[in-house]
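[1] Dropping the sequence and predicted coords here.
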Amino acid sequence: MIPFFRKIRKKMADDNRPLKYARYAIGEIVLVVIGILIALQINTWNEDRKNRIYEKEYLIRLIEDLDHDQNDLSSVIISNSINLVLAEDALKKLGSDTSILSQGNASQLAHNAVTIKKKEVIFKDSLLSDHFELENFGQQLTMLTTARIFDLTQTTITDLISTGKIEVIRDKTLKKDIQNYYSSSLRQVGNEEDILTPHRRYLVSVFNDLGIPPRSKLSVSDVHDMIRNDQRLAMAIYNIYEANYTLLHINYARNKSIFRKIQKIKNEIKVALEKM
């Protein structure tokens, strides 16, 4: 295209030789400017096209990470529910007062999801359904030390931030919501660790002090004989109950729980993908 214009310009310049040099110089400048503008436009178009590809790929990856988070959180929620119900049941078996336990929405959700029938623990919710045999009281006590916390998936968001690709997400509201979700969830994970770990460690230390071995097969009467009037075991179980109650409230029971935040972000991303 440019050589064609140059031929026309050269012929026009040759017709008026006194102005030939000026016309030729101006023409060269115009052609260079046109070439630069075309190159810039093509480069901008290519960059925009690549960014749209990146945007779609990253949003799909974020959905996958959020699906993983939701599945992991569902496991944590059922773990919190099981430990809450087992802790309350253990206190009743020890003859401790359970009326002082928190009995709000989180407790109701836990009891809706988990039931103990004789020696069978049955747990279910919208995502999980299963059961296991509770062979003895020692197993029940041991389970109270195995509660886990939410493991946030950060692969895609870390990649987005470290490479600066977070800017390819055009929807400013969505981008802000994604960043807020991960920043708040990171803080929450740290809080969960602080809530649960000290009480779990204290329960283990009480087991050691009372001579209750890990994964023991002790019966309720065996434990009664071991603790006699020592209230430390009951206090440790109270603490475990309250910790699981708090985590269940944070993760699932309240309106701004992590579970609901995940679902909200997933819905926003799906809407953005549908518009592409």
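    Thanks, I have the structure now.

[2] In the chain, where is pLDDT below threshold?
    1-25, 27-28, 125-129 (pLDDT under 70).

[3] those strands in it, which residues are they?
    114-117, 120-124, 129-133 (DSSP state E).

[4] Of all the ones you listed, which one comes closest to residue 254?
    Among the strands of the chain, strand 114-117 comes nearest to residue 254, with 19.2 Å by C-beta to C-beta. Heads up, the C-betas are built off the backbone N, CA and C, glycines and all.

[5] Out of the strands of the chain, which is closest to residue 40?
    Comparing the strands of the chain by C-beta to C-beta, strand 129-133 comes nearest, at 59.2 Å.

[6] Alpha carbons only: can I get that closest one in PDB?
    Listed next in PDB are the C-alpha coordinates belonging to strand 129-133 (Å, rounded to 0.1, in the frame of the first residue of the first chain):
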ATOM      1  CA  SER A 129     -23.500 -37.500  53.000                       C
ATOM      2  CA  ASP A 130     -21.800 -40.300  55.000                       C
ATOM      3  CA  HIS A 131     -21.500 -42.100  58.300                       C
ATOM      4  CA  PHE A 132     -19.000 -43.900  60.500                       C
ATOM      5  CA  GLU A 133     -19.000 -46.100  63.600                       C
END
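
[7] okay, the angle between that strand and strand 120-124?
    On the basis of axes from the mean of the first three to the mean of the last three C-alpha atoms, to 10 degrees, strand 129-133 is oriented at 170 degrees to strand 120-124.

[8] so what strands line up beside strand 129-133?
    Using DSSP bridges, strand 129-133 pairs in its sheet with strand 120-124 (antiparallel).

[9] How far does the strand it pairs with sit from its chain's centre?
    26 Å (C-alpha atoms, centre = their mean, to the nearest Å).

[10] and if you look at stretch 245-260?
    Going by C-alpha atoms, centre = their mean, where stretch 245-260 is centred and where its chain is centred differ by 13 Å.

[11] rewinding a little: distance to residue 58 and mean neighbour count for the strands of the chain - can I get that in TSV?
    Output for the strands of the chain, formatted as TSV (distance: least, C-beta to C-beta, whole Å; neighbours: other C-beta atoms under 10 Å):
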stretch	distance to residue 58	mean neighbour count
strand 114-117	38	15
strand 120-124	35	16
strand 129-133	34	11
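
[12] Spit out the contact partners of residue 215.
    138, 139, 142 (C-beta atoms under 8 Å, 6 or more residues apart in numbering).

[13] okay, the strands of the chain in CSV with distance to residue 183 next?
    Formatted as CSV, those follow (distance: least, C-beta to C-beta, whole Å):
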stretch, distance to residue 183
strand 114-117, 32
strand 120-124, 32
strand 129-133, 34
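
[14] mind listing the helices for the protein?
    2-14, 20-93, 105-113, 137-143, 155-163, 172-210, 220-227, 232-248, 258-274 (DSSP state H).

[15] From the contact counts, what lies against the second one?
    Looking back up the chat, that one is helix 20-93. Judged by 3 or more C-beta pairs under 8 Å, 6 or more residues apart in numbering; DSSP states H and E, helix 20-93 is in contact with helix 2-14, helix 105-113, strand 114-117, strand 120-124, helix 137-143, helix 155-163, helix 232-248, helix 258-274.

[16] Helix 232-248 and that one, what's the angle between them?
    Using the same axes, to 10 degrees: helix 20-93 against helix 232-248 is 150 degrees.

[17] How about the third one?
    Counting by the same axes, to 10 degrees, helix 105-113 lies at 90 degrees to helix 232-248.

[18] can you pull the buried residues of helix 105-113?
    Buried residues in helix 105-113, counted by 16 or more other C-beta atoms under 10 Å: 106, 107, 109, 110, 113.

[19] Among the helices of the chain, which comes closest to residue 119?
    Going by C-beta to C-beta, the one of these nearest residue 119 is helix 137-143, 9.7 Å.

[20] Look up the closest residue to residue 111, ignoring the ones flanking it.
    Spatial nearest neighbour of residue 111, excluding adjacent residues (C-beta to C-beta, 6 or more residues apart in numbering): residue 85 at 6.4 Å.

[21] State the distance from that neighbour to residue 29.
    Counting by C-beta to C-beta, to the nearest Å, the separation of residue 85 from residue 29 is 82 Å.
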